[in-house]
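Trainee: Build me a model:
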Amino acid sequence: MRILIAEDDLASRKFLQKFLSQFGECDLVVDGEEAVEAFMIAWDEGQPYELICLDIMMPNLDGLKALKVIRDIEKEKPAAPGDRAKIVMITALDEIDKVTAAFEIGCEGYAAKPVDTGKFLEVLVKLNLVDGGK
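Mentor: Here you go, the predicted structure:
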């Protein structure tokens, strides 16, 4: 599985990489602009990301705006519905309005910081990205 992790906090980025690398190849970026750029490069190369983890609060372009841009690109360059990236929003925020907005824009999951790997694994299973045994 190809995984993109967009997280501006170094410790969180490294933690997610260590956890998710058991499931596939992880690319790391530090803001929403880089996330969109990496998404477009992977898409154009015909090797799109299956999982994208976006921190909601990032510099330059926040996670909600990056999510919208990615979903808009997927609409412009249609792929089969199953080929659309699964996007999980990650944040320390407990603001329900931002989480609700992310789901309305098109994310499939949400994880609060500090990330609980057991709960995150449940999200991956629910999204059919990994099976229950890994």
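Trainee: Please report how far residue 4 lies from residue 97.
Mentor: Going from residue 4 to residue 97 by Cβ to Cβ, to the nearest Å gives 25 Å. Quick note: C-beta positions are derived from backbone N, CA and C, even for glycine.
Trainee: More neighbours: which of these two?
Mentor: residue 4 (25 against 8; other Cβ atoms under 10 Å).
Trainee: Now the helix or strand where the more buried one lies: buried residues?
Mentor: Assigned by DSSP states H and E, residue 4 falls within strand 2-6. For strand 2-6, a neighbour-count test (16 or more other Cβ atoms under 10 Å) marks 3, 4, 5, 6 as buried.
Trainee: Tell me the helix or strand right after it.
Mentor: helix 10-20.
Trainee: tilt between that next one and strand 2-6?
Mentor: Between the axes of helix 10-20 and strand 2-6, defined by axes from the mean of the first three to the mean of the last three Cα atoms, to 10 degrees, the angle is 160 degrees.
Trainee: For helix 10-20, buried residues please.
Mentor: 12, 13, 15, 16, 17, 20.
Trainee: What lies in contact with that helix?
Mentor: 3, 5, 7, 26, 28, 30, 51, 53, 55, 90, 113, 115, 117, 120 (Cβ atoms under 8 Å, 6 or more residues apart in numbering).
Trainee: For residue 126, the count of nearby residues, please.
Mentor: Around residue 126 there are 12 residues (other Cβ under 10 Å).
Trainee: Cheers, nothing more for now.
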